[in-house]
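Engineer: missing the sequence, but the structure's below:
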């Protein structure tokens, strides 16, 4: 018996019962085709038997003769190799997913692809099938198959695979892989074809020789473009992908590389890509400058205003400023970045130097309730809760109680603490039993006892008690809520004229006001507000031993006497720390609402209004004129902060 005859009998023996004779015969014919090649190539030795087994197992699993017929008969132009690869791959796919409906859809896909294509695609298809055992995985596989079975996509991919077969070129395989990944992320036929064309355009490099131009292929450019599109395919929808590809296709290779350098597979890159498309910034990019502007915005470590057609050139410069500052370890907060972006200051290293040299000094915190300096209260929340309990209900030691009262008074005010203690005293008969029970309970820890006791005290319904208990919140509250933050600073970006209504501040800096202030060694600038935003400020001038507060600027939120108390108290301390013996508050000048309200506050505080001769030798713009008419405070021999605090006028 010949080898061909033996192989044919073995193949027929593997065919399952019920499979049509004509289908089985066609399968055996393909198996015999491979047997004839045994002498020529060792790889064909087992293919005939493998093919018959794949046909048999597929029929046993799904019982679909039409499926087997489509595999073994193929189309008129399909070679035996095409039919073998399809059958072998569908067998592995069906075994991996175990789902008849999905296996049929995979067959619709693999029928459209050549053997060369299947050699590249087979692992990707198998991975889709393996993940299709869950409902979500099956839904994803269905989506992928419905895209990949498109006639248009299969033509493009088969053409790529054919080129790979001819040239054995890495770039065609890379494009194929990237296209499969983009399809896996749910993008349409049109998008995938556009992506393939864009990646292929980056591969070809024309060179001139002495005789004629010739072409080489750049795998690095293909990888760069593929990575960029794959990142985008995770981050944006189909319309966004098409917009991005149109944008990138309009760029030269150098600009594409510059664009790609800002993106990788990280979450941050995907977020930036999403913001690029959703914000419409892709439509703004027309060249190098606009690309730099958009990328400076997207990758800025702080929140900055978005670029517009009018601010593109400014972003180009501001990007350099941000970069120069970051290189020196200086990161601007969002408020400072906003001032910088909108400022009318021209390009120059002087601004960078002022930002660097104008760092904050002498930072202080004041309680908005009491007006006291609480900078030295380095306490945890647990400490504060214990002090609140001691101040209200008393502890075992009088010294601890006195310390607790002092601390709470500095935060919420002595009057509030006194009212709270009075309210607790009235409710003491009802509190003794439950409080004692909590304090004697050995099954709970100290911090739990404190928390339960404070909860019990809060049930008295007293507003004053609630204020004292809530004093612990000042630990977590940002400055501006329970606290006012004060600091000297000569960083011009800390002074925003749009917030404080001062034309000498940025972004306009009338008469170069803030810039001159920051350069002038005799000017002291103090800002008030939060760590992020200065909502009020004092422009001060030092001459000999006189500390002149030329004006106090600020927004509406700071025009209240609780804040004025703090500003006055803070400026007394700062004048003394600068070695002044006299503190003057300028009472004349073309003031706006905030300085006028502050001066009105001072006029009700019992301070003398006098005229003091001063040289005022400064190039900086100040309102005061010599002799300076001002509210005066003699600092020598005076207790700092002794001005009486007033309620709002």
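Structural biologist: It's in. This is a predicted model, so every value here is computed, not measured.

Engineer: Name the residues of the top helix by length along the chain that come out as buried.
Structural biologist: Longest helix in the chain by number of residues (criterion: DSSP state H): helix 414-440. Of the residues in helix 414-440, 416, 417, 419, 420, 421, 423, 424, 427, 431, 435, 438 count as buried by neighbour count, 16 or more other C-beta atoms under 10 Å. Heads up, the C-betas are built off the backbone N, CA and C, glycines and all.

Engineer: So the first one is in contact with residue 466, correct?
Structural biologist: No. The criterion here is C-beta atoms under 8 Å, and residue 416 misses it with residue 466 at 9.9 Å.

Engineer: on that earlier part again, just checking, next helix/strand downstream of the longest helix of the chain?
Structural biologist: helix 446-458 (DSSP states H and E).

Engineer: So what touches the next helix or strand after that next one?
Structural biologist: As assigned by DSSP H and E, the chain's next helix or strand after helix 446-458 is helix 463-469. For helix 463-469, contacts defined as C-beta atoms under 8 Å, 6 or more residues apart in numbering pick out 369, 388, 391-392, 408, 412, 416-417, 419-420, 423-424, 454, 457-458.

Engineer: Surely residue 584 is in a helix?
Structural biologist: No. Counting by DSSP: H, G, I helix; E, B strand; the rest coil, residue 584 is not part of a helix but strand.

Engineer: so how many other residues sit close to it?
Structural biologist: For residue 584, the count of nearby residues is 26 (other C-beta atoms under 10 Å).

Engineer: and the closest residue in space to it that isn't next to it in sequence, what are its phi and psi?
Structural biologist: Spatial nearest neighbour of residue 584, chain neighbours left out: residue 630 (3.9 Å); criterion: C-beta to C-beta, 6 or more residues apart in numbering. The phi/psi pair for residue 630 (degrees, to the nearest 10) reads phi -150, psi 160.

Engineer: for residue 630, what are its contacts?
Structural biologist: 548, 584, 585, 586, 587, 588, 609, 610, 611, 612, 624.

Engineer: closest to residue 529 among the residues you listed?
Structural biologist: Comparing those against residue 529 with C-beta to C-beta picks out residue 585 as the nearest, at 20.1 Å.

Engineer: The closest one contacts residue 549, correct?
Structural biologist: Yes. Between residue 585 and residue 549 there is a contact at 4.8 Å, judged by C-beta under 8 Å.

Engineer: Tell me how far residue 266 lies from residue 228.
Structural biologist: To residue 228, residue 266 is 13 Å away according to C-beta to C-beta, to the nearest Å.

Engineer: neighbour-wise, which of those two wins?
Structural biologist: Ranked by neighbour count (other C-beta under 10 Å), residue 266 and residue 228 place residue 228 first, with 28 against 10.

Engineer: Leaving out chain neighbours, which residue sits closest to that one?
Structural biologist: In space, and not counting its chain neighbours, residue 228 is closest to residue 260: 4.6 Å by C-beta to C-beta, 6+ apart.

Engineer: which residues in this structure form strands?
Structural biologist: Residue ranges of the strands in the chain, as given by DSSP state E, are 204-208, 213-217, 361-367, 483-488, 523-529, 534-543, 546-554, 582-586, 608-612, 628-634.

Engineer: between those strands, which gets nearest to residue 172?
Structural biologist: Nearest to residue 172 among those is strand 213-217 (8.6 Å), distances taken as C-beta to C-beta.

Engineer: Distance from stretch 439-458 to the middle of the chain?
Structural biologist: Distance, stretch centre to chain centre, for stretch 439-458: 41 Å (C-alpha atoms, centre = their mean, to the nearest Å).
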